[in-house]
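Enquirer: Requesting a structural model of the entry that follows:
(one chain, ligands or ions: 2)
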Amino acid sequence: MKKNRPAKAKSRSSPRRRGPRLDSRLRGNERKALAQPMTAAEAVVATLIAHRLDTVYALPGVQNDFLFEALFKFSDRLRTIHTRHEQGAAYMALGAALATGKPAAYAVVPGPGFLNSAAALLTAYATNAPVLALIGQIPDADIGKALGHLHEIRDQTGIIKRLVDHCALIRSPKAAGPATAQALRAMQTGRPGPAALECAIDVWGKLGPATVPGPLAKPAVKIDVSAIRRAAKRLGAAKRPLIVCGGGAQDAADEVTALSALLQAPVLGFRRGRGVLDSRDPLSVTLPLGRELWGEADVVLAVGTRLLMQYRQWGIDRDLAVIRVDADPEEHARLHKPAVALTGDAKPLLNALLAELPAHSIKRPPRQAEMAERQAAWRARMAEKLAPQLAFLDAIRAELPEDGILVDEVTQIGFAARLAFPVYKPRTFLSPGFQDPLGWGFATALGAQHARPDVPVVAISGDGGFLFTATEMATAIRHRIPLVTIVFNDGAFGNVRRIQQERFGNRLIGSDLANPDFVTFGKSFGAEAVRAKGPAELRGALRQALANREAPTLIEVPVGPMPSPWEFIFMPKIRGI
Ligand SMILES: Cc1ncc(C[n+]2csc(CCOP(=O)(O)OP(=O)(O)O)c2C)c(N)n1
Ligand SMILES: [Mg+2]
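Expert: Numbering: from 1, shown residues only. Ligands and ions are numbered 1, 2, ... in the order given. You can find the predicted model right below:
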């Protein structure tokens with residue numbers, strides 16, 4: 001039976017922080033309290049606070065009642081943002097993690113609650129995002145017995161283990177703090193990524209001696225000096241170097257910028273690598289030109305990227321030496337053995353490379369003018385083919401401040417944004433990586449906006465993707481999150497529909513949509529909601545929305561079918577032909 005708080009009880013899930021300031025560690029008198037018994041849930045929550053987490057995105061239920069009791073107790077330092085569906089909670093944590101680069105947590109009940117959050121957890125894994133899932137469990141003694149407890153699922157731990165690299169079952173108050181600290185360390189050590197902690201309904205509330213560890217020491221990473229020297233020699237001698245950035249380069253923007261200038265190397269970013277080098281830098285290129293440059297390069301420096309598209313679509317031959325920088329040693333040779341493999345975080349490794357390079361680097365002619373011209377030529381080709389998408393993207397860019405965040409979606413405008421939306425700063429273009437799950441956009445953007453209240457966040461969705469998590473508009477209202485959401489409404493799973501038209505003889509199936517009136521829908525929650533016809537009206541609506549950051553805004557943009565972007569994304573082989 002779910003317990004309801006008495007009506008007079010004060011709800012502690014307001015976005016406003018009350019009480020004392022958030023500290024990384026508990027204060028002196030509370031330290032003393034640590035010698036006293038705590039519940040397992042209190043130890044987990046206090047450990048999150050000791051790691052500077054300030055929010056848990058969550059949806060309650062009986063298995064987690066004692067966790068919520070602990071969240072209530074610590075609510076002056078850790079906010080609970082409750083959502084309307086577990087996928088909303090998990091995507092919000094993902095958005096917070098991607099927008100800040102810092103760990104974010106969500107809490108859900110076992111079985112259906114956990115499975116409802118699974119697409120977001122999967123996407124956290126795909127985007128190497130430090131998301132901590134706190135997942136309830138049935139009574140500890142009955143785990144694995146298949147008795148049919150509420151929300152029981154066969155081998156929940158086994159399912160979780162397939163989704164994350166680190167998970168643990170908390171079985172006592174004593175184990176709770178250390179397990180939380182270990183999970184948080186694992187999430188940020190080596191290749192970052194999600195972790196999960198399970199705790200049984202009868203363990204969360206157990207009282208016992210507990211500790212509240214602060215951040216655990218991370219294993220020291222030794223830089224392989226000889227590998228740095230070999231990389232510097234290869235790169236230094238390169239005539240046509242190219243840098244390819246993925247999500248793993250997001251925290252090394254200064255270093256990538258300096259390397260690009262030193263080597264006169266163009267920098268390719270697509271999806272998760274966008275914004276590492278400012279799009280206004282002429283050496284910053286996107287996909288189609290990047291492919292041409294891949295075809296011409298003699299040395300590629302690949303930073304925090306899987307290189308799947310490059311190796312599998314664009315091809316490789318002996319004339320191209322690839323130097324890889326990756327936090328995950330398994331990644332280097334998954335497809336091809338690199339010329340040099342550098343393992344670790346991009347920032348220190350690129351700094352070491354920058355220190356070593358001047359001794360080896362030949363002089364190269366500047367490439368800015370050439371890149372500006374070639375980029376302009378591609379831009380013109382895209383403008384001709386993708387005019388409707390680019391006009392909307394221009395309107396958004398014109399109004400979104402340079403540090404504003406755009407969250408893309410699996411929609412026509414999103415595909416075009418990955419190719420052509422100018423991105424000026426790291427972590428200001430959030431893209432879901434290789435999972436590309438339809439429906440991630442709105443809730444992920446809500447989490448990004450919640451975690452970065454200092455900058456405006458704009459989400460773009462199709463009518464299909466938006467309705468996956470549109471009920472979280474209630475969350476935006478409840479927690480006053482001033483996200484601006486643009487819904488491009490073509491009455492269809494447009495991308496699927498176009499493929500059916502073009503490749504399957506117009507045999508349309510499962511791709512037309514019956515939609516609500518999105519403006520009425522938004523208003524019914526209490527959001528600002530307007531309809532904007534065309535790019536000019538979108539720009540005006542966006543300007544107004546960004547000026548009024550009191551409430552969430554929904555802008556519906558009715559659109560027709562859009563031209564296909566695929567010729568610019570799935571491009572043919574260019575090497576090793
Ligand atoms: C979770 C998930 N389910 C299905 C898909 C397949 N899919 C990709 S795009 C798309 C249609 C998107 O429709 P909409 O959001 O309206 O955008 P539009 O293509 O119309 O611009 C679908 C169903 C997916 N990427 N992810
Ligand atoms: Mg659509």
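
Enquirer: Tell me if I'm right that Leu207 and Met38 touch.
Expert: Yes: contact criterion CB atoms under 8 Å: Leu207 and Met38 qualify, at 7.1 Å. From N, CA and C alone the C-beta is placed, and that goes for glycine too.

Enquirer: Looking at those two, which is more packed in?
Expert: For Leu207 and Met38, the more surrounded residue by other CB atoms under 10 Å is Met38, and the numbers stand at 26 against 12.

Enquirer: Skipping its backbone neighbours, what lies nearest that one in space?
Expert: Ala210 (4.0 Å; CB to CB, 6 or more residues apart in numbering).

Enquirer: now Arg381
Expert: Pro288 (7.7 Å).

Enquirer: Would you agree that neighbour falls within a strand?
Expert: No: assessed by DSSP: H, G, I helix; E, B strand; the rest coil, Pro288 does not belong to a strand; its assignment is helix.

Enquirer: That one and Ala380 touch, don't they?
Expert: No: with contact defined as CB under 8 Å, Pro288 does not count as touching Ala380 (11.5 Å).

Enquirer: Neighbour count for these two, which is higher?
Expert: Neighbour totals were compared for Pro288 and Ala380, and Pro288 leads with 21 against 10 (other CB under 10 Å).

Enquirer: returning to what we had before: any shared contact partners between Leu207 and Met38?
Expert: Pro173 (CB atoms under 8 Å, 6 or more residues apart in numbering).

Enquirer: Give me the most central residue, the chain.
Expert: Leu98 (3.8 Å; CA atoms, centre = their mean).

Enquirer: contacting residues around it?
Expert: Thr127, Ala129, Arg427, Leu430, Thr444, Ala448.

Enquirer: Mind doing that once more with 6 Å?
Expert: Ala129, Leu430 (CB atoms under 6 Å, 6 or more residues apart in numbering).

Enquirer: That one - that's part of a strand, no?
Expert: No: according to three-state DSSP, the state of Leu98 is helix, so it is not within a strand.

Enquirer: hang on, the earlier thing: residues contacting the residue nearest to Met38?
Expert: Met38, Ala43, Pro173, Lys174, Gly177.

Enquirer: Asp251 too?
Expert: So Asp251 contacts Gly101, Lys347 (CB under 6 Å, 6+ apart).

Enquirer: try Gly295
Expert: Contacts of Gly295 by CB under 6 Å, 6+ apart are Ile574, Arg575.

Enquirer: quick one: buried residues of whichever strand or helix holds it?
Expert: Element membership for Gly295 (DSSP states H and E) is helix 287-296. Buried residues in helix 287-296, counted by 16 or more other CB atoms under 10 Å: Leu287, Pro288, Leu289, Gly290, Arg291, Glu292, Leu293, Trp294, Gly295.

Enquirer: Low-confidence ranges, this structure, go.
Expert: 1-35 (pLDDT under 70).

Enquirer: so what's Ala352 up against?
Expert: So Ala352 contacts Ile223, Ile228 (CB under 6 Å, 6+ apart).

Enquirer: That one and ligand 2: what is the separation?
Expert: 47 Å (CB to the ion, to the nearest Å).

Enquirer: Going by neighbour count, list what's buried in whatever helix or strand that residue lives in.
Expert: In the assignment (DSSP H and E), Ala352 maps to helix 346-356. For helix 346-356, the neighbour count (16+ other CB under 10 Å) marks Ala346, Lys347, Leu349, Leu350, Asn351, Ala352, Leu353, Leu354, Glu356 as buried.

Enquirer: what's the closest of the residues you listed to ligand 2?
Expert: Ranked by distance to ligand 2 (CB to the ion), the buried residues of helix 346-356 are led by Ala346 at 36.2 Å.

Enquirer: which parts of this protein sit against ligand 2?
Expert: Gly462, Asp463, Gly464, Asp490, Ala492, Gly494 (CB under 5 Å from the ion).

Enquirer: Thr55: which of the buried residues of helix 346-356 is nearest?
Expert: Thr55 has its nearest neighbour among those in Lys347, at 25.9 Å by CB to CB.

Enquirer: What values do phi and psi take at Leu335?
Expert: phi -110, psi -40 (degrees, to the nearest 10).

Enquirer: What residues does it make contact with?
Expert: Leu335 touches Tyr311, counting by CB under 6 Å, 6+ apart.

Enquirer: Against Trp314, how distant is it?
Expert: Separation of Leu335 from Trp314 (CB to CB, to the nearest Å): 12 Å.

Enquirer: Same check on Glu42?
Expert: Counting by CB to CB, the gap from Glu42 to Trp314 is 53 Å.

Enquirer: Give the residue from the two that has the larger number of neighbours.
Expert: More crowded of Glu42 and Trp314, by other CB under 10 Å: Glu42, with 27 against 19.

Enquirer: Wait, a helix at Phe442?
Expert: Yes: under three-state DSSP, Phe442 falls within a helix.

Enquirer: ok, how many other residues are close to it?
Expert: Around Phe442 there are 30 other residues, counting by other CB under 10 Å.

Enquirer: same check, this time on Gly510
Expert: Count around Gly510 with other CB under 10 Å applied: 9.
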